[in-house]
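*Asks:* Sharing a sequence plus its predicted fold:
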Amino acid sequence: MRRRSTNAPPIRPFRRERGSLWRVLLFAVLLAVAIRTFVVEAYRIPSRSMERTLLSGDFLLVNKLAYGAEVPVLNRRVPAMRAPQRDELVVFDWPVDPSVAFVKRLVGMPGDTVAMAAGVFVRNGTPQSEQWVFRGGDADPGPQDLQEGSARRDWGPLVVPPRHYFVLGDNRDNSLDSRAWGFVPDSLLRGAPLFVYYSFEPDSTVRAPWLTRIRWHRLGAAVH
């Protein structure tokens, strides 16, 4: 009688393999959630308020560790890597509705005196030469825009209170920012934009513009 070979590899039970697969999937999901919560987050630019620094249809990766990511449930933040700097871009929760995220340029730090004269931004008594500012709306102004136009171009001086920031859009004539809803508390800061990882022309009339109207020159562009 022929003996069975004892060198044949053992057959692993299917249940054991399935259990290992579920553990791997669970670990991957938890890792993805942790990265999104504490490290980086994706953000889409929905409007033209930051033109030409950022375009509608840009997708950003945001460094959430920069200013200290918020820990869910505990209502605490992890220690920040650094403090926000003047004139850098920041992503934050809108003070009017914290469920909505905005990206603007931080132009006023706590203790700064900010104002605007004839459309020129003034900080601590010194007019700022902001090379990133874009003047040009994407539509004809309506009655409300005409009424508010002078107030948006001439205001202040205002002193930024402690633990708050003053932000403006680079497209000054087409931006909803601190001129409309005031200062941003530091508790609402989300992070610092890193780079554009994807971009397409959303206003295109062609089908599937996210695939056929990709702005290849924008991919990987640093944000500052």
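*Replies:* Happy to help now that I have it. Residues are numbered from 1 along each chain as shown.
*Asks:* Please count neighbours and contacts with C-alpha atoms only from this point.
*Replies:* Will do.
*Asks:* which SSE is Trp22 in?
*Replies:* Of the helices and strands defined by DSSP states H and E, Trp22 is found in helix 14-38.
*Asks:* Where do the strands of this structure begin and end?
*Replies:* Assigned by DSSP state E, the chain shows strands spanning 40-44, 58-63, 70-71, 76-77, 89-93, 101-108, 113-117, 120-123, 126-127, 155-159, 164-168, 184-185, 189-199.
*Asks:* just how off-centre is the second one within its chain?
*Replies:* In terms of C-alpha atoms, centre = their mean, to the nearest Å, the centre of strand 58-63 is found 6 Å from the chain centre.
*Asks:* just the last one next, same as before
*Replies:* In this view, strand 189-199 has its centroid 5 Å away from the chain centroid, taken as C-alpha atoms, centre = their mean.
*Asks:* now swap in the fourth one and tell me
*Replies:* Mean-position distance between strand 76-77 and its chain equals 19 Å (C-alpha atoms, centre = their mean).
*Asks:* For stretch 124-137, give me every contacting residue.
*Replies:* Identification of contacts with stretch 124-137 by C-alpha atoms under 8 Å, 6 or more residues apart in numbering yields 51-53, 112-114, 120-122, 170-174.
*Asks:* Show the contacting residues for the closest residue to Ser178 other than its chain neighbours.
*Replies:* Distances taken as C-alpha to C-alpha, 6 or more residues apart in numbering put Val167 closest to Ser178, at 5.4 Å, once the chain neighbours are dropped. By C-alpha under 8 Å, 6+ apart, the contact set of Val167 is 104-108, 177-178, 183-184.
*Asks:* Poorly predicted segments of this protein, please.
*Replies:* For the chain, the stretches flagged by pLDDT under 70 are 1-19, 23-40, 71-74, 136-150.
*Asks:* Can you tell me which residue is spatially central in it?
*Replies:* Val91 (3.8 Å; C-alpha atoms, centre = their mean).
*Asks:* which residues does it contact?
*Replies:* Contacts of Val91 by C-alpha under 8 Å, 6+ apart are 62, 101-104, 189-193.
*Asks:* how much space between it and Ser20?
*Replies:* To Ser20, Val91 is 39 Å away according to C-alpha to C-alpha, to the nearest Å.
*Asks:* ditto for Ala42
*Replies:* Ala42 is 30 Å from Ser20, by C-alpha to C-alpha.
*Asks:* Next, the buried residues of stretch 79-98.
*Replies:* 84, 87, 89-95 (16 or more other C-alpha atoms under 10 Å).
*Asks:* Then stretch 211-219?
*Replies:* So for stretch 211-219, counting by 16+ other C-alpha under 10 Å, buried means 213-214, 218-219.
*Asks:* could you dump stretch 55-64 to CSV, C-alpha only?
*Replies:* Extracted in CSV, the C-alpha atoms of stretch 55-64 (Å, rounded to 0.1, in the frame of the first residue of the first chain):
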residue,chain,number,x,y,z
LEU,A,55,-8.9,78.2,-8.9
SER,A,56,-12.4,76.8,-8.7
GLY,A,57,-12.0,73.1,-9.3
ASP,A,58,-8.6,72.8,-7.5
PHE,A,59,-8.3,70.0,-4.9
LEU,A,60,-5.9,70.6,-2.1
LEU,A,61,-4.2,68.4,0.5
VAL,A,62,-4.3,70.2,3.9
ASN,A,63,-1.8,69.6,6.7
LYS,A,64,-4.0,69.2,9.8
